Each structure stands twice: as C-alpha cells, then as structure tokens.
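S.K.: quick one: sequence and predicted model below, then my questions.
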Amino acid sequence: MSIAVIGCGYVGSEVAKKWKKKGLYITATTRHPEKLEILAHSAQRSVVIRGTDAEELVPLIANNETLLVTVAADTQEHYENTYLHTAQTFRHLALEMDMPRQLIYTSSASVYGDHGGQWVDESSELRAQSEQAKILIEAEKHYLSLEELGWSVCILRL
C-alpha cells in the first residue's frame, strides 16, 4: 500500500515512521527543503511541496491509495492559505482526476468551541469562535465533500 503524508511536521513524521516500519510505502512531503534529509528516516520518498500546488499534488493523488493531510500553518495569518486553500485544491483535483482515494485529515478540537463544560463528541454542534477555527470548519467541509466523489474521508480532530 502506498501512502502520501502531506505535511510532515511532528504528527506527520511520527505517523510516517510507524507506517514505514509496518512495511507501507510512504511518500512524505514538506515545504522546507532542509527537512528532506530528516524525512529520509520516516519515508521511502520525500518531496518539497505546498498543499496548494495542484501540479505537484496530481502525482501524489495518482500514485497513492491513501493521503494523510497533516499540514500546519506557520502563523495565524497563514491559516486560510494552509488549511482552506489546500482543501479547495484537493476538491478541484478530485473533480478533474476521478480517482477516488482514502483521505485522512487532521483538524482540531477547537472547531467545537465552548459547550459550557458539557461533553462533546463527533456529533456535537460546531461552535467555533475564532477565525482560525472557522477556517478549519470550512476546510473540513471541503474534504468531506470528497465523499460525493467516492472518496473515503476521515477527519481526526486533535
């Protein structure tokens, strides 16, 4: 099985290492060329890419059955580009390529907002207050819309 890990920061790198040890073929991505050497320990292949770079994402989608999206914004000002625009790029490519895949997206529990001390779970209303959390909700919606195209989508709210 081939898996692309889009965004190999802390979470992505750790998951990639575990999957590689299990014998899966991992392609790890980063925005930082200086991390390529480090990623060689986590994956069989590593590439420099941005999640909004459609041309570079095409072969990752085409050559991997599963895509783990663990992108992270460097600053709050980069949230929309990092999270929402990456999700929009995936949606656009999924429409063009007609190659259903499995996608796992790591989001944040911040999308639940304040529930006044009550327990929340996956079925709880999303009450995001911050602009960043609202952007994450929109990104989740774009990824979940891939299910209409035959994709299997899992949202992990860390």
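M.R.: All right, it came through fine.

S.K.: tell me where this structure has helices.
M.R.: In the chain, the helices defined using DSSP state H lie at 10-21, 36-39, 54-63, 79, 86-97, 131-144.

S.K.: Thr27: which of those helices is closest?
M.R.: helix 54-63 (6.5 Å; Cβ to Cβ). Heads up, the C-betas are built off the backbone N, CA and C, glycines and all.

S.K.: the bottom helix or strand of the protein by mean pLDDT?
M.R.: When the helices and strands of the chain are compared on mean pLDDT, DSSP states H and E, helix 36-39 comes out lowest with a mean of 90.

S.K.: which strands or helices does that one pack on?
M.R.: helix 10-21, strand 25-30, strand 45-48 (3 or more Cβ pairs under 8 Å, 6 or more residues apart in numbering; DSSP states H and E).

S.K.: re the thing from before, and the helices of the chain, which one's lowest on average pLDDT?
M.R.: Of all the helices of the chain, the minimum mean pLDDT falls on helix 36-39 (a mean of 90).

S.K.: can you pull the contacts of the residue most central in space within the chain?
M.R.: Taking Cα atoms, centre = their mean, the centroid of the chain lies closest to Val69, which sits 1.6 Å from it. Val69 makes contacts with 6-7, 51, 86, 90, 103-106, 143, as judged by Cβ atoms under 8 Å, 6 or more residues apart in numbering.

S.K.: burial of the closest residue to His32 other than its chain neighbours, as a residue count?
M.R.: Among residues not flanking His32 along the chain, Val48 sits closest, at 7.3 Å (Cβ to Cβ, 6 or more residues apart in numbering). Per other Cβ atoms under 10 Å, the neighbour tally for Val48 reads 15.

S.K.: repeat for Val111
M.R.: 22.

S.K.: can you check Leu93 too?
M.R.: 18.

S.K.: please look at it and Ile61 and confirm they touch.
M.R.: Yes - between Leu93 and Ile61 there is a contact at 5.9 Å, judged by Cβ atoms under 8 Å.
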